[in-house]
Each structure stands twice: as structure tokens, then as C-alpha cells.
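Engineer: here is the input, now give the coordinates:
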Amino acid sequence: MKRFIKYFLQGLLFFIPLVVTLYIILVVIQWVDNLIPNVFDVKLLPGMGLLIVLGVITFIGYLASTLIAKPAFTFFENHVYKLPIINLIYSSIKDVLGAFVGEKKKFNQPVLVKVNKEFDIYRLGFITQKEMKHLELSEKVAVYFPHSYNISGNLYIVPKEHVQVFDAPPSEVMKFIVSGGVSGLN
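Structural biologist: Numbering: from 1, shown residues only. Alright, predicted model coming up:
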């Protein structure tokens, strides 16, 4: 009976994450695939909506990077930044996406920060701003500490001498933190 329970639990450890991952991917793909038919009230073959959305996004990315269309995108963004509530939503989403993808990735410098001298306690995080002169904090850096098992975190401004660069792939450090130390950092 113990062996059966052991195999069952081992199967759960493999099966549940696989099924949940596949389910989430399937739901997202179906949602994106249904965008075009729902918005424009047209009938498409399964998968065509996804291809159209991917193509449009890629084309917009191409246009935004060309010298001809770049001024138009800049003009558009400058006007969006002038709209009170829309500015907050747009700039927040753009900054968060830019932190993970694009030319200005922010979570690429993992660090180990001493948060308690008395008990010698450290936290893993990512430097998001190396210079804090704009806040008149020239001896400090901004470090983001993601929460475990959550898509959130805290930003702390800490003295530079408490920050130690951590030589590990950023994706592995993020996986280690978000998993509560269970996975990553092999």
C-alpha cells in the first residue's frame, strides 16, 4: 500500500503541473484565437485568429522600429502620457512589460541583500535602478524583491554596501524566489 501511495504522489507531482500548464496555455490560445471573430463578427478557421493577432503585433513592432513610423508612435505615446488615468495604466503596463522584454530589461542583475545585520539574514532580489541621484540618494540602489508563490513584490531602497551581486542566471534566480526556494539555482 505504501508503494502505491508513493507512486500515486509521484504521479501527481508530474501530472498536475503538466495539466495545469497545458490548460492555461490552451485557455490563453483560445482567448487570443477568438479575439478577431468576437471583435469583427467573422468566421475563421481554428488557429487563424491567433495567427492574425501574432502577425498584427509583429507588424506593429516592425513599424514602431522603422525610421518612418517611429515619429508617429512617439507622437501617439506623448499624447497618451497627457491623459490622466490612461497615462497611469498605459505607462505601468509598458514599464512592467519592458522590465521583462525589450531593450531595457530590468530584472537582469540578481543580488543578495543583507536585510538584518544582527541575525545575518539576506534576501534575493534584482537591482532595478543603480543610480538614485534623482531622489538625492546617491549611496543607494533600488532593489526589487519578488514574492514567493505570487506575482507581486516589494521595492526597497538599500545602501550599496548591503548589496552583493549574485552571479547566477536571472531567470533561475526569479524561479528560485517565486517557488519559495524549492526550484532553480542548480
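Engineer: and the helix ranked longest in the chain, what's buried?
Structural biologist: Ranked by residue count and defined by DSSP state H, the top helix of the chain is helix 2-33. Within helix 2-33, the residues that count as buried by 16 or more other C-beta atoms under 10 Å are Val32, Asp33. C-beta coordinates here come from the backbone N, C-alpha and C atoms, glycine included.
Engineer: centre of the chain to the helix or strand just after it, how far?
Structural biologist: The first helix or strand that comes after helix 2-33 along the chain, using DSSP states H and E, is helix 35-40. Centroid separation for helix 35-40 versus its chain: 27 Å, with C-alpha atoms, centre = their mean, to the nearest Å.
Engineer: likewise for stretch 163-182?
Structural biologist: The answer for stretch 163-182 is 14 Å, by C-alpha atoms, centre = their mean.
Engineer: ranges for the helices of the chain?
Structural biologist: 2-33, 35-40, 48-65, 70-80, 84-100, 170-178.
Engineer: below-threshold pLDDT in the chain: ranges please.
Structural biologist: Under the criterion pLDDT under 70, the flagged ranges of the chain are 100, 102-106, 151, 182, 184-186.
Engineer: residues contacting the residue lying closest to Tyr156 once chain neighbours are set aside?
Structural biologist: For Tyr156, ignoring the flanking residues on the chain, the nearest one in space by C-beta to C-beta, 6 or more residues apart in numbering is Val143 at 5.5 Å. Under the criterion of C-beta atoms under 8 Å, 6 or more residues apart in numbering, the contact list for Val143 reads Val111, Val113, Gly125, Phe126, Ile127, Thr128, Leu155, Tyr156, Ile157, Val158, Val163.
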